[in-house]
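Colleague: Sequence first, predicted model second:
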Amino acid sequence: MNRWTQGVILGIALLVLPGCAWAQQGTITGTVTEAETGDILPGATVQIVGLGTGAATDAEGKYEIANVPAGEQTVRVSFVGYQASESTVTVPEGGTVRVNVQLKTAQAQLEEVVVTGFGREQTRGETNVSVSQIDAGELTETTEYENVSDLLQGRTSGVTVSRSSGNVGAGLRFDVRGGVSLNSDGQPLIFVDGTRIAQDPAPGFDVGGQGTGSPLADLDPSNIESINVLKGPAATSLYGTDGTDGVVLIETKSGEQGQDLQVEYQGTLGVATKQSGYNDDIYPTADRLNDIHRQGNIQGHRIAVSGSGDITTYNLAYSYRDTESIFPTGEGQRNNVNASIEARPTESLTISSRSTLAFNYYDRPIADNSIFGVLGALALDAPFGDFTERDSSAYFAIEDRQRVRKFQQSIELSYRPEAVPGLSLRAQGGADISARRNDQTRPSQYEDVYNSVGGERNALDSDRRRFNADLTATYEYDITSDLSATTTAGTQLFTESDRQINATASRIGTDLITDIDAGTQLDFIGESLSNERSAGIIGRQQFEFRDRYSAEFSVRRDWSTRLVAGETDSFKEWYPAARASAQIGDFEVIPDAVSRLNVRASWGQSGSLPDLVDGEFLRLQGQASGFGSGAVIGNVGDPDLGLERVNEVEGGFDVGINNRYSLSVTYYRQNTDNSIVNFDPALSTGFGNQSVPRNVGEIFAQGIETSLDVTALRTEQHTLSFNANYSYREREVKELGGQSIFGGFQRNVIREGLAPFTFFGRRVEGARFDDSGEYRGPEVTDERVELGNPVPDHFGGIGFSATLFEDLRVNAQAEYQLGHQTYSNTARFLALRRGHEQRRALQSELDNLQAGTDRYRAVANELARTNPNVGEIDNFLQDADFLKLRTVGVRYDASSLIGSVAGVDQLRTFTVGFSASNLFTITSYDQGPDPEVNSEGSRGLIRGQEFLTLQNPREYTFTLEVGI
């Protein structure tokens, strides 16, 4: 064959082969509309399942996907607020197939996918436990949020979340359902992308009563996609001991399959101000207290890059936020780098990695229960002299600075072997590593004020490491044509270690040297190290009959390195659970308007372990003294000590009506046995002031949770929806072995017959008069009685979201709490210092009245209610019910307008927005500016007590977002 012939053949091949390849591919086109109205749905996502290709519908609801392999393909169409649709079509070689899709509105969130534990996903209409889900990704598209707590407040039935003070990055406290565990800290287990993070505040110096901030404050809310909250052992038993107080599952944003490269920038500017002023009827220095609060500046920047390749999706983001406190010496800076990458090298294997790197800084003002706090100096006129007559710089010169370095990493592998249909294997590992430096300095030039010689320097370094690993195997199979089953087995491993070292030195000499080594007097040095490991194996069996009835049984076996029976063993426990549900919405007796009805019931057990060495009879610790070093009793335990066990029964239903209304109702009942209570030993034991733990406690709780979602309007250009939730809880301590547990200052108590944390003291019944009618002080009860409780009995939220003309979005969320009280130690101390305006006015009026007259007796009764020495708890305890407008957000996307006017089509989004938080509060509480704060931080038995505590701020922010 000559070269000419070879060239002709080669040329023909080059022309024919692409045509052959093209002939093996086809095109899918169509239009996506709403089933109910026929309105087109621009922006709907159309994907070819398994290929990683897809498209979005245009302004007319049309789409086209070219180069689709010929043959049978599955087309999946999804859109926010609608039920996803899948259909199988045959793509002709070299031809076009048209697939028009009508999407039904989501059945009032009953088709919403929620996570019910260990990576298992179910629709809300199928789940057999109550789960609260927050669509953070959608919320942050409209509203700017300072903190993760802002996403949760007023939106989660059965759960309240509060910040203990207005400090930037302040501690968070969750109250989940009845909170019936005495031996845990009452806080839920928290996972971020499958990584278990430390939920308790890191070690650090107190600034009055506030400890260090919550680790959740280090997260950027704008990078969160969703939050699922599991509320009790009925839902969390598979998490074992650590899931007693609930589980919070946070998922960050990731790229989407079929998504082109997208780049987004968001800039934020705003201010923070005080919510409320001090009451001048109580505080003589109200003007000065109000004026000391400043307008803090807020600045933020965020840039994100996301997209997908043939087998990968990715999302990379960096965010910076600088928030000044409403107090002159407070500030917080948050730097977050987030990276999410997912690869699917084969149809069977998925590999994902999610990383977060944080560099954060916090300056905290001295406040709360501190004689060095500016609020105290202003409100109480300073214990060491008039504030106005001293150099105020002394109060502002104290520095408390924290530097936080944090790294979180999650890696997950999912494998579905083709050789074993129905089998899926999952391995997930996580790491949460953080280092925190806390420096607190009192300059030498104010040593007479601080009562420290030559100034003082405190330094603390802490290192916290958390590692977890989850391995699960799930097998789905059919037993008969009507009966299917799912079997799951797995294990969970966890290890945590904490190390800290801190020192205090004085006689620094000069403020030009900040090294703690410059102190010639070492006042304190300490070091601590702890390590704890736990493991669990799980088994779960689910049966489903005719896709309607579901029954599930699970068990977990837990191990922990906490000591039991001295040093001879470690804890091992079983935690069983059972759940069932039935979808009965299509029964003939059910009205046609009911689009979905799911009835569910569940039971589960969990527990709380003793402290690390409470199972050891006696532990000594080193002690230095003037006579040398030696050993002293460090802890006295009980080798027979067992764990506290929590049982929960839950039942409820989820109903959807006309695909627009969704109602969820849940009743729960919790009972805790064998709670660990500390008893004082007999003097003859020689244990000194050490206490001995015993299993004697019992607590009961029950409650109701309801949530309602309404889609009032949905057209091509407009949407309007509402949400509301209401919860009630009732709690009672049944048994404590005959003793009571008091918090600091003897105000909060855990006592038999009362709800935990009850305010307990003598009730003021009015004024006491002598025989001549003269006022002789308050008349109080002989015994201490229940006065109130800091935890609300009734709580919930209400909100709405709307879209107008496609481009304008608005949402708002309010929260209410009822049936609780707050104690103002600030007002009491003001009365002790004879500065309480109301008390002074009443005393002045009483002095000018005739004893025995009706007016005299009326004023005396009012005066008795302000006495700071007798009946002081009752006198300064006030109802703290409130309604707060938590957040308001407005966003307008001008990209379409700019594109039509300027002819620019590269802009995907050009959005301007305004957000506000804590916009207004309706409350009868007037002894302080904020009924929510707590002077002793976010942990411990002291609850609902305000003492010179910085109020939570009101924030206004403006945002500009540009996306291409």
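Modeller: That came through, no problem.

Colleague: How about V962, nearest residue that isn't a chain neighbour?
Modeller: Here the nearest residue to V962 in space, its sequence neighbours aside, is Y265; by C-beta to C-beta, 6 or more residues apart in numbering that works out to 5.1 Å. All C-beta atoms are positioned from the backbone trio N, CA, C, and that covers glycine.

Colleague: Quick one: distance of the helix or strand that neighbour falls within to the chain centre.
Modeller: Take DSSP states H and E as the rule and Y265 turns out to sit in strand 262-274. Computed by C-alpha atoms, centre = their mean, to the nearest Å, the chain-centroid distance of strand 262-274 equals 22 Å.

Colleague: Could you do stretch 187-203 as well?
Modeller: Relative to where its chain is centred, stretch 187-203 has its mean C-alpha point 10 Å off (C-alpha atoms, centre = their mean).

Colleague: start to end distance for that stretch?
Modeller: Taking C-alpha to C-alpha, to the nearest Å, the first and last residues of stretch 187-203 lie 17 Å apart.

Colleague: what mean pLDDT does it have?
Modeller: Averaged across stretch 187-203, pLDDT comes to 88.

Colleague: Show me which residues of that stretch are buried.
Modeller: 187-203 (16 or more other C-beta atoms under 10 Å).

Colleague: likewise stretch 543-554?
Modeller: F543, E544, R548, S550, A551, E552, S554.

Colleague: Redo those residues as TSV? Include pLDDT, secondary structure and distance to A827.
Modeller: Formatted as TSV, the buried residues of stretch 543-554 follow (pLDDT from 0 to 100; DSSP: H, G, I helix; E, B strand; the rest coil; distance: C-beta to C-beta, whole Å):
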residue	pLDDT	secondary structure	distance to A827
F543	96	strand	60
E544	94	strand	59
R548	90	coil	59
S550	94	strand	55
A551	95	strand	56
E552	94	strand	53
S554	95	strand	51
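
Colleague: Now do the same for the most centrally placed residue in the chain: helix, strand or coil?
Modeller: Centroid-nearest residue in the chain: S149, 5.1 Å away (criterion: C-alpha atoms, centre = their mean). Here S149 takes the helix state, with states given by DSSP: H, G, I helix; E, B strand; the rest coil.

Colleague: got a list of what the closest residue to it other than its chain neighbours touches?
Modeller: Using C-beta to C-beta, 6+ apart and skipping residues adjacent in sequence, the residue nearest S149 is V161, 4.7 Å away. By C-beta atoms under 8 Å, 6 or more residues apart in numbering, V161 lies in contact with S149, L152, Q153, L172, R173, F174, D175.

Colleague: Sitting in strands, which of those residues do you find?
Modeller: Within these, residues falling in strands by DSSP state E are L172, R173, F174, D175.

Colleague: Can you check these and name whichever has the most neighbours?
Modeller: The residue in the ones in strands among the contacts of V161 with the most neighbours, by other C-beta atoms under 10 Å, is F174 (25 neighbours).

Colleague: just checking, it touches Q187?
Modeller: Yes. If you go by C-beta atoms under 8 Å, F174 and Q187 touch, sitting 5.4 Å apart.

Colleague: thinking again about what came up before, which of the contacts of V161 sits closest to L349?
Modeller: L152 (35.1 Å; C-beta to C-beta).

Colleague: Any figure for the gap between the closest residue to that closest one other than its chain neighbours and T74?
Modeller: Once flanking residues are discounted, L152 sits nearest to V161: 4.6 Å by C-beta to C-beta, 6+ apart. Distance, V161 to T74, by C-beta to C-beta, to the nearest Å: 41 Å.

Colleague: and what of Y415?
Modeller: From Y415 to T74 the distance is 21 Å (C-beta to C-beta).

Colleague: Equivalent analysis for N290, please.
Modeller: 64 Å.

Colleague: The two: which is more packed in?
Modeller: N290 (16 against 13).

Colleague: Would you verify that the more buried one is located in a helix?
Modeller: Yes. Residue state for N290 (three-state DSSP) corresponds to a helix.

Colleague: List just the nearest of the ones in strands among the contacts of V161 to D673.
Modeller: Of the ones in strands among the contacts of V161, the one sitting nearest to D673 (C-beta to C-beta) turns out to be D175, at 21.5 Å.

Colleague: need the contact list for the residue nearest to the centre of the chain.
Modeller: V161, S162, R163, L172, L216.

Colleague: Swap in 10 Å and give it another go.
Modeller: Going by C-beta atoms under 10 Å, 6 or more residues apart in numbering, S149 touches 161-163, 170, 172-174, 214, 216-217, 221, 886, 952.

Colleague: Going along the chain, name the strands of the stretch 701-850 of the chain.
Modeller: Ranges of strands in the stretch 701-850 of the chain, per DSSP state E, counting those that start in this stretch, are 719-735, 741-742, 748-750, 758-761, 764-769, 775-780, 785-788, 794-804, 808-818, 821-824.

Colleague: averaging pLDDT over each of those, which comes out lowest?
Modeller: Across the strands of the stretch 701-850 of the chain, strand 741-742 gives the lowest mean pLDDT, at a mean of 88.

Colleague: Fine by me, thanks again.
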